[in-house]
Each structure stands twice: as structure tokens, then as C-alpha cells.
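**Q** Kindly generate the corresponding structure for this input.
(chains A and B)
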Amino acid sequence: MGQRLKLFIPLLVFALLAVLLFFSLQGDPQYKPSALLGSAMPAFKLPTLANPEVLVDETAIAPEVSLLNVWASWCVSCRIEHPQLTRISEEYGIPVYGINYKDKYADAMQWLERFGNPYRTNFADEDGRLGMDLGLAGAPETFVLDAQRVIRYKHVGVIDMKVWQEKLLPVIEQLKSTTAQAN
Amino acid sequence: MRILLTMMLVCLCVYSKASAAAEDIHTFATEKQQQRFQYFTKNLRCPMCDNQNLEGSNSAISADLRDVLASMINDGKTDQQINEFMRTRYGDYIFYDPPMNRNTLWLWLVPLLLAVVAVLVLVRLVRKKGEPADASVSTEDRARARRLLDQETEQETE
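**A** Next up, the predicted model:
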């Protein structure tokens, strides 16, 4: 009988592999967690779109839970997520900061004029150096910062209602409740 | 034949043109620096495109990373400093050759474990074969087998 049962070992191995591979298929192969999760917002010195004459640093981001959205006028998907960002800033009252990534000043200003400006501040990262420090692959990408300006979450790609409600909002709410407890 | 050759030549030209597109001009003082640059662009992955190295990628971020890499090499940064720069921004993902750490340990361990298991199974199989034949064969059968074998060898020697 023991010998007979041994014949089922290949079947068992197959079944285990099938289960493992099936669950591996569920994940997003493009997903890579940011290397910066849990580390502080990289230091920078950049002009803002509102005032290109003056350089500001990371302290221009107020110490509260906020979104940091990377966008550019050449980025088509940024246009798609723009209404959602406006909703987040207006209806949910979450401060949204922008990094205007590898863009021309005039193009960026024209874009904001045309589609509206949901951003508290837009940092003009013309050479893309801050983007590189943030481990960016492209635009749009969005970071969730906590009250200490530590990067807590990163979303690559367009923010739509689903992403907002299922991914970003839970992270933000959790961060807000821990901040409230700490105070 | 001539047509085939022409077609191959055309393909080659198109190919070399395509690969040249990703090359921007980075000048180095020494051959060694040039080699280091080539080494890194071959072994670092484009953050955007998953399956291309920095050398072969036309994406904007790859071009930026190539620029930074070139200036780091010109500034005399060590390999370790360059690797650290890349790792803090893009994680282990950016290295085509994954470093051994807690997450990747199994990549090395599983093949070793499988090899050990394979050797054990092999040893068991070989031992089993070496054991004396099943004792349940009757002595008459044995004698018969012996006779048949002897006959065969006699025939062969004749």
C-alpha cells in the first residue's frame, strides 16, 4: 500500500506547483515597491511654479499627511487623473503637492490654467533630479507622506476613483489616526 | 542568393541604427572609465521597462540615469558608491545580478536543496539495485534459468 501511495507524489507536487503558480498570476508583474518606503522625503532646493525666482526646500511641505503628485504637461495620463486630484484636494481636504517633472515653465503654467490647479505648491523639477532621488520611472506617480514627511506609500500610474478609495484613502486614514493618537 | 544577402545587409543596417539611437555622447578621459560606464549600463536595469538595461533603453529616465552615471564616473566615484546611489533610489530591482539577502536567499538555497535531494534519491536507487534479487524465486526456477543461460553461452561459443 505504501508503494502505491508513493505513486501519488508527482501528482501532489504538481498540485502544489499549480496552486503556487496560480496565486503568482494574480499579482501585478509591473508592481515594484518603492525603495524609499519608510524613509524621509529627499532633500531638495527647487523653485516653485508660483514663484520661479525663489528656491524652496522640503520644509515647504507642511507637516501633515499629504499627497505628492508627479506630473508634467507632456504626460497624457496626468490629464486623466487631474479631475480626481482636484476632487481629493477639494472634497477630501487632503493637501496635494505637485512636482512638475521635466517640464517647461510656460507649458506647465498653460496646463494649470487650462485644467485648474489643485496643488498647494508645485515644485519645478526641470532637470528631473528630484524625480530621480524619488526613484521615479516616469509620470504620473504619487506618494503619500506622513506628518513627518516620511514616504509611506507610492502609487505608479493614474489615480482614479478605485485607486483612491481602495489604496490611497485607507493609507491616509490610517496615517491620520496614528498622528491623532500621537498628539 | 544575392537577394538574400542584400536583405541580410539591410537588416544589419537597420539593427545597428536602432542600437545607436540609445547611445548618447558621453566622453571619458580614460579607457578604464569608458569600460566602467559600459559595465554599469549593461548591468543596470531600466526602471521603466523591466527587461532592458540602461544601455539599450531609449526611455527618458534611462537617459537621465546614464548622464548621472557618466558624471559619477568622471567624478571618480567608486563602484560601491554608484551601487549605493542606485539602490537607495530604485532598490535591488535595478541590478540585473541580484545581491544575496534575506529576500533572495532562496534563489540560491532551493537549487542546492534540490541537488541534495536528487543525490539522496539516486543513492537509494543505486543501493536497491545492488541488493540480492528477490528471495521468493524458487530454486527450481533458478536452476532452470541457469540451464537456459548455460545453453545460450554454449551456442555462442560454438
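**Q** which residues in chain B form helices?
**A** B:2-21, B:31-43, B:60-74, B:79-90, B:105-130, B:139-157 (DSSP state H).
**Q** Put the alpha carbons of the last one into CSV.
**A** Meaning helix B:139-157. Output in CSV follows, covering the C-alpha atoms of helix B:139-157 (Å, rounded to 0.1, in the frame of the first residue of the first chain):
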residue,chain,number,x,y,z
THR,B,139,15.2,-22.9,-6.5
GLU,B,140,13.7,-24.8,-9.5
ASP,B,141,13.2,-21.6,-11.4
ARG,B,142,16.8,-20.6,-10.6
ALA,B,143,18.1,-23.9,-11.8
ARG,B,144,16.0,-23.5,-15.0
ALA,B,145,17.3,-20.0,-15.6
ARG,B,146,20.8,-21.2,-15.1
ARG,B,147,20.3,-24.0,-17.6
LEU,B,148,19.0,-21.7,-20.2
LEU,B,149,21.8,-19.3,-19.7
ASP,B,150,24.3,-22.0,-20.0
GLN,B,151,22.8,-23.2,-23.2
GLU,B,152,23.0,-19.8,-24.6
THR,B,153,26.7,-19.4,-23.8
GLU,B,154,27.4,-22.9,-25.3
GLN,B,155,25.6,-21.8,-28.5
GLU,B,156,27.6,-18.6,-28.6
THR,B,157,31.0,-20.4,-28.2
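**Q** Name the residues of it that are buried.
**A** Using 16 or more other C-beta atoms under 10 Å in any protein chain shown as the test for burial, helix B:139-157 gives no buried residues. (Glycine included, C-beta is placed from N, CA and C.)
**Q** Spatially central residue for chain A, please.
**A** A:Thr142 (2.3 Å; C-alpha atoms, centre = their mean).
**Q** Then chain B?
**A** Central residue of chain B (C-alpha atoms, centre = their mean): B:Asp97, at 9.8 Å.
**Q** In a markdown table: the helices of chain B, plus distance to A:Ala106 and mean pLDDT.
**A** Output for those, formatted as a markdown table (distance: least, C-beta to C-beta, whole Å; pLDDT from 0 to 100):
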| stretch | distance to A:Ala106 | mean pLDDT |
| --- | --- | --- |
| helix B:2-21 | 29 | 52 |
| helix B:31-43 | 33 | 94 |
| helix B:60-74 | 20 | 93 |
| helix B:79-90 | 29 | 94 |
| helix B:105-130 | 50 | 92 |
| helix B:139-157 | 98 | 82 |
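**Q** picking up where we left off before, isn't the residue nearest to the centre of chain A right up against A:Lys167?
**A** No: counting by C-beta atoms under 8 Å, A:Lys167 is not a contact partner of A:Thr142; they are 9.8 Å apart.
**Q** Now for those two: what residues contact both?
**A** Shared contacts of A:Thr142 and A:Lys167, defined by C-beta atoms under 8 Å, 6 or more residues apart in numbering or on different chains, comprise A:His155.
**Q** What is the neighbour count of A:Trp74?
**A** 15 (other C-beta atoms under 10 Å in any protein chain shown).
**Q** Would you confirm that it contacts A:Trp111?
**A** No: with contact defined as C-beta under 8 Å, A:Trp74 does not reach A:Trp111; the gap is 9.3 Å.
**Q** B:Pro47 versus B:Phe95, what's the distance?
**A** With distances taken as C-beta to C-beta, to the nearest Å, B:Phe95 is found 12 Å from B:Pro47.
**Q** same question but for B:Val110, I mixed them up
**A** According to C-beta to C-beta, B:Val110 stands 28 Å off from B:Pro47.
**Q** hang on, the earlier thing: of B:Phe95 and B:Pro47, who's got more company?
**A** B:Pro47 (24 against 15).
**Q** So the residue nearest to that one when sequence neighbours are not counted, which state does it fall into?
**A** Nearest residue to B:Pro47, sequence neighbours excluded (C-beta to C-beta, 6 or more residues apart in numbering or on different chains): A:Ala137, at 4.1 Å. Assigned by DSSP: H, G, I helix; E, B strand; the rest coil, the conformation of A:Ala137 is coil.
**Q** Could you check the pLDDT of A:Ala137?
**A** Predicted confidence (pLDDT) at A:Ala137: the value is 87.
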